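Colleague: Dropping the sequence and predicted coords here.
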Amino acid sequence: MKILMIGAHQDDNEFQGGGLAHRLTKMGHEVRFLSMCNGCGGHHIMGPKETSKRRAGESAAVAKLLGIRYDVWDIDDCTLVADLETRRKLIRYIREFAPDLVISHRPNDYHADHRAAGQLVQDASYILTIRNECPDAPAMHKMPVIMYYEDKFTNPPFRPDVVISVDDEIETKLQIANLNVSQVYEWLAYEDDEVVPEGEAERFEWLKGMNITGDTTDEEVVAATRGYSVRFAKTAARFREELIQRYGEERGKKVRYAEGYEVCEYGGAMTGEVKEVLESL
Ligand SMILES: [Zn+2]
């Protein structure tokens with residue numbers, strides 16, 4: 001199976017879908033990341049050129065860790081729009097890879113780039129099969145299945161169609177966060193007025209936040225306010241019912257880390273290999 005994860009920025013695929021990406025790669029499927037923007041906006045000290053260069057290096061390290069191809073388009077942060085030119089660029093890009101499954105943002109989201117990315121994926125979806133549009137890139141016979149990453153927006157609310165445990169992938173997911181140095185230790189820390197400890201081991205512990213064990217309750221996770229362990233555990237706490245439905249009472253209650261996805265109704269039908277693989281996770 002071929003899976004294309006499309007984020008507006010470098011860290012969107014990583015944080016929302018890094019566990020699934022790692023799991024599928026381990027199973028022998030081909031995962032590819034695309035960041036539509038070049039990361040130039042994500043810093044408070046470095047200028048745009050230096051920032052996007054550093055982000056490119058960090059994304060290359062993520063690609064190496066996961067063993068995937070990672071493409072970054074040279075579109076400046078905060079300027080992504082769902083126009084015809086970008087839609088055609090995306091149609092050609094998706095057709096060339098011909099994925100079975102595409103995952104991106106919902107088009108209702110706080111960030112204009114996320115909204116545009118979600119809109120572009122929706123706009124491309126059916127047209128992927130229309131041979132007279134972008135005839136230089138051979139049309140796909142079938143639309144890929146399309147899913148959205150989890151978000152917290154409520155109008156309309158995110159609907160968790162697929163919720164999977166990423167307990168076996170959490171170490172890798174935290175390592176991925178740790179590789180995004182300029183983002184997690186500099187820019188986001190600055191945005192949140194946080195002081196990052198000195199030393200690589202110390203700052204990694206700080207990055208993880210609360211130590212989550214088998215005894216940690218969902219209430220404790222929900223009440224915790226910072227750290228990437230907590231962030232990734234919040235999804236399991238939020239979708240406990242769905243995890244119990246999927247894995248049964250005993251295992252479902254024990255899942256600490258999860259990822260949630262909503263199926264986009266404009267994509268291909270959830271059948272065949274994609275359905276089988278997602279159900280097996
Ligand atoms: Zn983003």
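Modeller: Alright, I've got the coordinates.
Colleague: what sits against the residue of the chain found nearest the ion?
Modeller: Residue nearest to the ion within the chain: His9 (3.5 Å; C-beta to the ion). Backbone N, C-alpha and C define where each C-beta goes, glycine included. Residues near His9 by C-beta atoms under 8 Å, 6 or more residues apart in numbering: 35-37, 39, 42, 77, 113.
Colleague: Would you confirm that Ile170 contacts Arg256?
Modeller: Yes: using C-beta atoms under 8 Å, Ile170 is in contact with Arg256, at 7.4 Å.
Colleague: returning to what we had before: which pLDDT value goes with the residue of the chain closest to the ion?
Modeller: On pLDDT, His9 comes in at 97.
Colleague: Please, where are all the strands along the stretch 101-250 of the chain?
Modeller: Applying DSSP state E, counting those that start in this stretch to the stretch 101-250 of the chain gives strands spanning 101-104, 145-149, 162-165.
Colleague: what are the C-alpha coordinates of the worst-scoring helix or strand of the chain on mean pLDDT, in PDB please?
Modeller: Taking mean pLDDT, DSSP states H and E as the measure, the helix or strand of the chain with the lowest value is helix 188-191, at a mean of 91. Taking C-alpha atoms only, helix 188-191 is exported to PDB below (Å, rounded to 0.1, in the frame of the first residue of the first chain):
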ATOM      1  CA  LEU A 188       7.100  26.800  20.100                       C
ATOM      2  CA  ALA A 189       8.800  27.200  23.500                       C
ATOM      3  CA  TYR A 190       9.100  31.000  22.700                       C
ATOM      4  CA  GLU A 191       5.400  31.100  21.700                       C
END
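Colleague: With neighbour count and distance to Asp218 as new columns, can the contacts of His9 be given to me in a markdown table?
Modeller: Output for the contacts of His9, formatted as a markdown table (neighbours: other C-beta atoms under 10 Å; distance: C-beta to C-beta, whole Å):
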| residue | neighbour count | distance to Asp218 |
| --- | --- | --- |
| Ser35 | 27 | 32 |
| Met36 | 29 | 34 |
| Cys37 | 26 | 34 |
| Gly39 | 26 | 34 |
| Gly42 | 25 | 32 |
| Asp77 | 23 | 35 |
| Asp113 | 24 | 32 |
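Colleague: Return the subset of those residues lying in strands.
Modeller: Ser35 (DSSP state E).
Colleague: re the thing from before, so which of the strands of the stretch 101-250 of the chain gets nearest Gly272?
Modeller: Among the strands of the stretch 101-250 of the chain, strand 145-149 comes nearest to Gly272, with 9.1 Å by C-beta to C-beta.
Colleague: now that closest one: how far from the chain's centre is it?
Modeller: Here the centre of strand 145-149 is set off from its chain's centre by 10 Å, with C-alpha atoms, centre = their mean, to the nearest Å.
Colleague: Enumerate the residues of the stretch 1-150 of the chain near the ion.
Modeller: 8-9, 12 (C-beta under 5 Å from the ion).
Colleague: could I get the residues you listed as a markdown table with secondary structure?
Modeller: Putting these into a markdown table (DSSP: H, G, I helix; E, B strand; the rest coil) gives the following:
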| residue | secondary structure |
| --- | --- |
| Ala8 | coil |
| His9 | coil |
| Asp12 | helix |
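Colleague: Could you pull up the contacting residues of Gly47?
Modeller: By C-beta under 8 Å, 6+ apart, Gly47 has no neighbours at all.
Colleague: Apologies, that question was intended for Ala233.
Modeller: In this structure, Ala233 makes contact with 212, 216, 221, 256-257, judged by C-beta under 8 Å, 6+ apart.
Colleague: make it 7 Å
Modeller: If you count contacts by C-beta atoms under 7 Å, 6 or more residues apart in numbering, Ala233 has them with 212, 221, 256-257.
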